[in-house]
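> How does the following fold in three dimensions:
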Amino acid sequence: MASDIRFYDREGPYFCFTNFAPDYPVELDGHTWPSTEHYYQASKFSDARTKSEIRNSPSPRAALDRARRYEFLMNAGWESRKCDTMRKAVKEKFRQHSSLAERLLATGERMLIE
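Numbers count the residues shown, from 1 in each chain. Coordinates of the predicted model:
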């Protein structure tokens, strides 16, 4: 039986699958996002200033940290939309980066674990 793939290890060969991988920008909603984490975190908010600040964060981790500072401004109903937002971001990441899609398909039936 094939071993599971754990992709959250920054030094591991599958770190590119995580939302924190910095080298895979995505075009979504009329903007270029440095990572899917940037997009996901900014999607929690409706005001352009907060979204822009998160989009311009220097790293995915910084985007998460900034979003946490503004939790009090988070959109009502975020909890009901967050999974769809993540699916959209991840789908686009792999659609826009064919090398990642090929790598994902090459994992076959192996379990992917973040």
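> In a helix, Val90, correct?
Yes: under DSSP: H, G, I helix; E, B strand; the rest coil, Val90 sits within a helix.
> so it makes contact with Tyr24?
No: look at Val90 against Tyr24 with C-beta atoms under 8 Å: they stay out of range, at 10.5 Å. All C-beta atoms are positioned from the backbone trio N, CA, C, and that covers glycine.
> tell me, what's touching the two both at once?
Common neighbours of Val90 and Tyr24 (criterion: C-beta atoms under 8 Å, 6 or more residues apart in numbering): Thr36.
> if I look at the most centrally placed residue in the chain, how far off is Cys16?
For the chain, the residue nearest the mean C-alpha position is Thr36 (2.6 Å; C-alpha atoms, centre = their mean). Computed as C-beta to C-beta, to the nearest Å, the Thr36 to Cys16 distance reads 11 Å.
> Need the overlap of contacts for those two.
Tyr24.
> For Ser98, the count of nearby residues, please.
9 (other C-beta atoms under 10 Å).
> cool, and the one 5 residues further on?
Close neighbours of Arg103, defined as other C-beta under 10 Å, add up to 15.
> Surely it and Phe15 touch.
No: Arg103 is beyond contact range of Phe15, at 11.3 Å (criterion: C-beta under 8 Å).
> Next up, the contacts around Asp47.
Leu73.
> okay, and for this structure, where does confidence drop off?
Across the chain, the ranges flagged by pLDDT under 70 are 1.
> Show me where it has its helices.
Counting by DSSP state H, the chain has helices at residues 36-42, 48-55, 60-69, 78-96, 98-105.
> name the helices or strands packed onto the third one?
Identification of packing neighbours for helix 60-69 by 3 or more C-beta pairs under 8 Å, 6 or more residues apart in numbering; DSSP states H and E yields helix 36-42, helix 48-55.
> As JSON lines, those helices with distance to Thr107 would be great.
Output for these, formatted as JSON lines (distance: least, C-beta to C-beta, whole Å):
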{"stretch": "helix 36-42", "distance to Thr107": "18"}
{"stretch": "helix 48-55", "distance to Thr107": "30"}
